[in-house]
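Novice: Structure for this input, please:
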Amino acid sequence: QVQLVESGGGLVQAGGSLRLSCAASGRTFSSYAMGWFRQAPGKEREFVGAISQNGGSTYYANSVKGRFTISRDNAKNTVYLQMNSLKPEDTAVYYCAAGRVPVGTPILYEYWGQGTQVTVSS
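Specialist: Residues are numbered from 1 along each chain as shown. Purely as a prediction, here's the structure:
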């Protein structure tokens with residue numbers, strides 16, 4: 001069982017930055033690939049990015065590539081999402097998830113956090 005808690009969301013102006021954190025409970029964090037997803041009102045949950053178990057591989061949606069960076073610290077059981085050059089269309093609830101492979105398919109992730117709101121004003 002893995003419990004995930006996101007933090008770091010908030011209100012930021014367009015062009016600004018935020019760093020989200022996702023803290024995991026349990027001693028098996030390093031055995032999970034981690035993904036970030038987001039969901040805007042009235043839209044389906046969207047893949048943002050993912051990172052492999054040892055952090056050696058990262059994957060990003062085209063919409064955030066070059067602006068967002070995923071990293072993890074297995075000693076701290078935490079995964080991060082650094083978001084730069086934010087745009088109003090990045091406004092959404094952001095979720096972290098734990099799974100066995102770093103892919104963009106939500107159904108393949110076993111555990112989910114409760115989400116944190118990110119709002120980007122124009």
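
Novice: Quick check: chain neighbours aside, which residue is closest to the residue nearest the centre of the chain?
Specialist: The residue lying closest to the centre of the chain (CA atoms, centre = their mean) is residue 36, at 2.6 Å. Leaving aside its sequence neighbours, residue 36 sits nearest to residue 48 (CB to CB, 6 or more residues apart in numbering; 4.2 Å). Every C-beta, even on glycine, is put in place using the N, C-alpha and C of the backbone.

Novice: can you pull the contacts of that neighbour?
Specialist: Neighbouring residues of residue 48 by CB atoms under 8 Å, 6 or more residues apart in numbering: 35, 36, 37, 38, 60, 61, 64, 68, 81, 94.

Novice: Take those residues and write them to CSV, including distance to residue 53.
Specialist: Shown next, in CSV, are those (distance: CB to CB, whole Å):
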residue, distance to residue 53
35, 12
36, 15
37, 18
38, 22
60, 17
61, 20
64, 21
68, 20
81, 17
94, 21
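
Novice: which among those gets closest to residue 2?
Specialist: Residue 2 lies nearest to residue 35 out of the contacts of residue 48, by CB to CB, at 12.8 Å.

Novice: what about the protein, any weak spots by pLDDT?
Specialist: Filtered on pLDDT under 70, the chain yields no residues whatsoever.

Novice: In it, what residue spans correspond to helices?
Specialist: Read by DSSP state H, the chain holds no helices at all.

Novice: any chance you could map the strands in it?
Specialist: Per DSSP state E, the chain carries strands over the ranges 4-7, 10-13, 18-24, 33-39, 46-51, 58-60, 68-73, 78-83, 92-99, 109-112, 116-121.

Novice: contacts for the last one?
Specialist: Taking contacts as CB under 8 Å, 6+ apart, the residues outside strand 116-121 that touch it are 6-14, 16, 18, 20, 38, 83, 86-94.
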